[in-house]
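Q: Sequence plus the predicted model coming up.
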Amino acid sequence: MTVTSAATAVAEVRVLGVRHHGPGSARSTLDALDAFGPDVVCIEGPPEAEAIAPLAADPTMAPPVALLAYDLDHPSTATFWPLASFSPEWQALRWAQRHGSAVRFIDLPAAQVLAAAADRRSETLEQPDPLAGLAAAAGYDDVERWWDDLVEHSDREVFAAVGEAMAAAREAAPPLSPGAVDDRREAHMRERVRAAIADGAARVAVVCGAWHGPALQDLSLVPAEADRALLSGRPSVKVAMTWVPWSSRRLAAGTGYGAGVRAPGWYHHLFTHAGPDVVARWFCEVAVVLRAGGHTVSPAQLIDATRLAEALATMRRRSLAGLSEVTDAAAAVLGEGGSAPMALVHEELVVGTSVGAVPADTPMVPLARDLAVWQRRLRLKPEDRTLELDLRRAGGLARSHLLHRLALLDVPWGIPLDGRGAAGTFRETWQLRWEPELSVRLVERSAFGTTVEVAAGAYVVHLANGEAGLADLTRLVEGCLLADLPAALGEVMRVLAGRAAVHAEVPQLMDALGPLARARRYGDVRGTDVAALDTVLRGLVVRITSGLGPACTNLDADEAAAMGHRLQATQAALALLAANEDAANEETANEGTAGHEPLWFRALAGLVQGPTVPGLVRGRASRLLLDAEQLDAAGAGRLLGRALTAGTPAREGAAFVEGFLAGSGTVLVHDRALLGLVDEWVAELPADAFTDALPLLRRTFATFEPSERRLIGELVRRGGAGAQGDAELAAGLDEERVRAALATMAAMLGVEHGDRR
């Protein structure tokens, strides 16, 4: 197309209608640019990107990346323009930089896009996919397969054909509403092309989505005055723009990305290894992934899979084996008859796990720049992987501090994979996954500081002084200890102490105890001064134990169940503190948190005798006392027998059993007297009472391990609920094998055979 501007300049304009993230489109774009040799390359994208476009030439810039624009006044209002190595727009940008051509981005400004973000949904038209109609007309039921055959696997110049097809599709599509966003986008594109010509460009290449191509083919069809009138008076905001890393996974259509493709990894392979051996190379990569995953793949299988994929393409009348062919061939030859190998190939190769990188001098807010410095210092790339940390090493501890600080900032780059139990005191396992939205979150949190450490501390204090509840405050305390933020810890502790002193709700005090106990334990491990924690803990335990009785009376079924869980969690927290005291010296223990458990056991004993305490709570308190060796088996039997007497309603007795067994039937397996009590009580229930108690009993026994249920059933079937059952069970044992098993266990435990320790 030849265009004459108002200044009598003559320019030739070539429109290249592409598919976003299409390897065939990218190759065709490069070929067309080589043949045309434009002095200006106009690319569909926000004009604000022109200022940072030169960074794409930096050798440290590695796709996939994205342009990020955000509202300076409201950073959470942001949008991305992702680019992969196989995106035609990316290749057009790099071509222009290599050949010294000017680059212009011609889509609507990001300032207008973000201003209209709140109204974007109303501007989105519910119209059918135009490509679907074209694919159906060509005899395809899969749009992506049709496009692959037409463009991605074609070695011919197809822009003219694509333009004609899109023109036909636009004619058949429903008309747009006046002032629709697509109309404004195309008006702005035409205006930007006109401006390039007015500035003296002789050859202008326009790289845009194929749908927009027909609207840009002839600039004279729409008067410039009409385009300017359509664009005038649009609201805008102040924006900042930068480059951020993107990921192959986020390019996939399955993540909700509108312009996404099904197989980013496959498309990257097609673009990188274009040629007759592209399928063979793919199966070589499949072999590497499968072998790394523990699957056996032989060279002969790779040859068979390659031949099968090519044969399938011939049978299906395709010019080249596509994703469906290589997937079917891999499943048939390499799949081992299961889904696991193909799931691994899909995750690692078809979608891909690559994460892009941006240059160090990319515009960033100071907080993001500080994070980048720490990432380089600690050798942590923004990538997807599992990270094992040894907290006894300086590097591991520093990495842990960084990840916990980011978690406090609500920038969850790392997710802890396992709890920090006694065996894992000095180890942490994290799943790292960098999401592009985290870049926006860093911008939002930059108001709290210019470094990760300062911003995390300030943000924690901000939360503590806000509407955070008591349990939330204790979690912040734990977070401050794990993130090594002593200044913020002091402020949070001050707020926590004040609120705990006046807080009257015992259930919330119990919820707060667990995080504080963990903080006390792991504060010691990390060498943190926890004296302030001890003061708060002592106050919490006293208030919990003194108010536990009234808090457990007159509860409905749901409240009783929740209180049962709280009793269990509170005892676990106190046991953690007691274990910590045992590991400390006597002087530290006496000055710290000693004396917690006796108070707690006395409070539990009071619940057991409470006439207005629900049966489930009394049962749970009895079991906790038994587990802590504060109640012997005979005492537990008396409590259970009292709860299961004929004078107690069946439903109340079943609730006591539910609380007492507490998700584990081990106590019934090892104490046949208790099993006999339960068995006798169930057997003697009248029919209507049994029906009433059955739902609770089924719920109780459903929580047991299958092996526990099986053994209990076997004992009851044999009549083994008591001494007779013990004798019958012993009579069925092979004494020689028992002695051998005991000797083996003694050797494993390091004790003499026969030692009862």
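A: Here it is on my side, so go on. Numbering: from 1, shown residues only.

Q: quick one: average pLDDT of the longest strand seen in the chain?
A: Ranked by residue count under DSSP state E, the longest strand found in the chain is strand 10-18. Rounded to a whole number, the mean pLDDT of strand 10-18 is 90.

Q: can you check stretch 484-500 too?
A: Rounded mean pLDDT across stretch 484-500 is 85.

Q: Which stretches in the protein count as strands?
A: Going by DSSP E, the chain shows strands at 2-4, 10-18, 40-43, 65-71, 78-83, 102-105, 203-209, 239-245, 385-390, 414-416, 427-432.

Q: can I get those strands in a markdown table with distance to Ala305?
A: Bear in mind the C-beta positions are built from the backbone N, C-alpha and C, glycine included. Converted to a markdown table, the strands of the chain look like this (distance: least, C-beta to C-beta, whole Å):
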| stretch | distance to Ala305 |
| --- | --- |
| strand 2-4 | 51 |
| strand 10-18 | 32 |
| strand 40-43 | 39 |
| strand 65-71 | 33 |
| strand 78-83 | 32 |
| strand 102-105 | 42 |
| strand 203-209 | 35 |
| strand 239-245 | 33 |
| strand 385-390 | 28 |
| strand 414-416 | 36 |
| strand 427-432 | 32 |
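
Q: Most tightly packed of the ones you listed?
A: strand 40-43 (a mean of 26; mean count of other C-beta atoms under 10 Å).

Q: Contacts for that one next, please.
A: 33, 89, 92-93, 95-96, 101-106, 189, 192-193, 196, 201, 203-208 (C-beta atoms under 8 Å, 6 or more residues apart in numbering).

Q: if we go to 7 Å?
A: 89, 92-93, 96, 101-106, 192-193, 196, 201, 204-207 (C-beta atoms under 7 Å, 6 or more residues apart in numbering).

Q: Over to stretch 101-119?
A: Taking C-beta under 7 Å, 6+ apart as the rule, stretch 101-119 contacts 38-50, 53, 69, 71, 77, 79, 93, 96, 184-185, 188-189, 192-193, 196, 234-237, 239, 241.

Q: go on, stretch 435-453?
A: Taking C-beta under 7 Å, 6+ apart as the rule, stretch 435-453 contacts 66, 68, 70, 75-76, 78, 80, 244, 246, 250, 365-368, 370-371, 374, 402, 405-406, 409-411, 413, 455, 458-459, 462.

Q: try 8 Å
A: With contacts defined as C-beta under 8 Å, 6+ apart, stretch 435-453 is touched by 66, 68, 70, 75-76, 78, 80, 82, 244-247, 250, 365-368, 370-371, 374, 402, 405-406, 409-413, 454-459, 462, 485.

Q: buried residues in that stretch?
A: Under the neighbour-count criterion of 16 or more other C-beta atoms under 10 Å, stretch 435-453 has 435-436, 438-446, 448-449, 451-453 buried.

Q: and those, which two are the farthest apart?
A: The most widely separated members of the buried residues of stretch 435-453 are Pro436 and Glu453, with 23.9 Å between them, by C-beta to C-beta.

Q: if we can go back for a sec, select from the contacts of stretch 101-119 every entry located in helices.
A: Among the contacts of stretch 101-119, the members falling in helices (DSSP state H) are 93, 96, 184-185, 188-189, 192-193, 196.

Q: For those residues, give me CSV that also has pLDDT, neighbour count and distance to Leu221.
A: Output for the ones in helices among the contacts of stretch 101-119, formatted as CSV (pLDDT from 0 to 100; neighbours: other C-beta atoms under 10 Å; distance: C-beta to C-beta, whole Å):
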residue, pLDDT, neighbour count, distance to Leu221
Leu93, 97, 24, 28
Ala96, 97, 25, 27
Arg184, 93, 19, 17
Arg185, 94, 21, 16
His188, 96, 21, 16
Met189, 96, 24, 13
Arg192, 96, 17, 17
Val193, 96, 24, 13
Ala196, 95, 23, 18
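
Q: Just name the closest of those residues to Val10, please.
A: Out of the ones in helices among the contacts of stretch 101-119, the member with the shortest distance to Val10 (by C-beta to C-beta) is Ala196, at 13.2 Å.

Q: If I look at the closest residue to the closest one other than its chain neighbours, what pLDDT would I see?
A: In space, and not counting its chain neighbours, Ala196 is closest to Val40: 4.7 Å by C-beta to C-beta, 6 or more residues apart in numbering. Predicted confidence (pLDDT) for Val40: 97.

Q: ok, now the one 3 residues further on?
A: In the predicted model, Ile43 carries a pLDDT score of 97.

Q: before we move on, the earlier item: relative to Leu742, tell me which of the strands of the chain wins on proximity.
A: In terms of C-beta to C-beta, the element of those nearest to Leu742 is strand 427-432, at 33.6 Å.

Q: what packs against that closest one?
A: Here strand 427-432 touches strand 385-390, helix 394-408, strand 414-416, going by 3 or more C-beta pairs under 8 Å, 6 or more residues apart in numbering; DSSP states H and E.

Q: what angle sits between that strand and strand 385-390?
A: Strand 427-432 runs at 160 degrees relative to strand 385-390, counting by axes from the mean of the first three to the mean of the last three C-alpha atoms, to 10 degrees.

Q: from here on, count from 33
A: Yep, numbering from 33; the last one is strand 459-464 now.

Q: residues making contact with strand 459-464?
A: Here strand 459-464 has contacts from 412, 415-423, 428, 432, 435, 445-450, 452, using C-beta under 8 Å, 6+ apart.

Q: and that strand, which strands flank it?
A: strand 417-422 (antiparallel), strand 446-448 (antiparallel) (DSSP bridges).

Q: could I get these as CSV with mean pLDDT and distance to Phe733?
A: Output for the strands paired with strand 459-464, formatted as CSV (pLDDT from 0 to 100; distance: least, C-beta to C-beta, whole Å):
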stretch, mean pLDDT, distance to Phe733
strand 417-422, 90, 37
strand 446-448, 91, 33
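
Q: And Val329, how close does it get to Ala533?
A: Using C-beta to C-beta, to the nearest Å, we find Val329 at a distance of 66 Å from Ala533.

Q: Compare those two and say which is more crowded by neighbours.
A: Neighbours were counted for Val329 and for Ala533 using other C-beta atoms under 10 Å; Val329 has more, 21 against 11.

Q: and the more buried one, what does it touch?
A: 318-319, 322-323, 366.

Q: Counting neighbours, what do you get for the nearest residue to it once chain neighbours are set aside?
A: Nearest non-adjacent residue to Val329, counting by C-beta to C-beta, 6+ apart: Ala319, 4.4 Å away. As a burial measure, Ala319 scores 20 neighbours (other C-beta under 10 Å).

Q: Contacts only, for Ala319.
A: 329, 334, 366.

Q: Can you redo these as JSON lines, where the extra columns are distance to Gln641 and pLDDT?
A: Output for these, formatted as JSON lines (distance: C-beta to C-beta, whole Å; pLDDT from 0 to 100):
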{"residue": "Val329", "distance to Gln641": "68", "pLDDT": "92"}
{"residue": "Leu334", "distance to Gln641": "74", "pLDDT": "94"}
{"residue": "Leu366", "distance to Gln641": "67", "pLDDT": "90"}
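
Q: quick one: which of those residues is nearest to Ala170?
A: Nearest member of these to Ala170, counting by C-beta to C-beta, is Leu366, at 31.8 Å.

Q: From Glu82, how far out is Arg46?
A: For Arg46, the distance to Glu82 equals 20 Å [C-beta to C-beta].

Q: same check, this time on Ser209
A: For Ser209, the distance to Glu82 equals 31 Å [C-beta to C-beta].

Q: So if I had to pick from the two, which one is more boxed in?
A: Using other C-beta under 10 Å as the criterion, Ser209 and Glu82 rank with Glu82 on top: 15 against 12.
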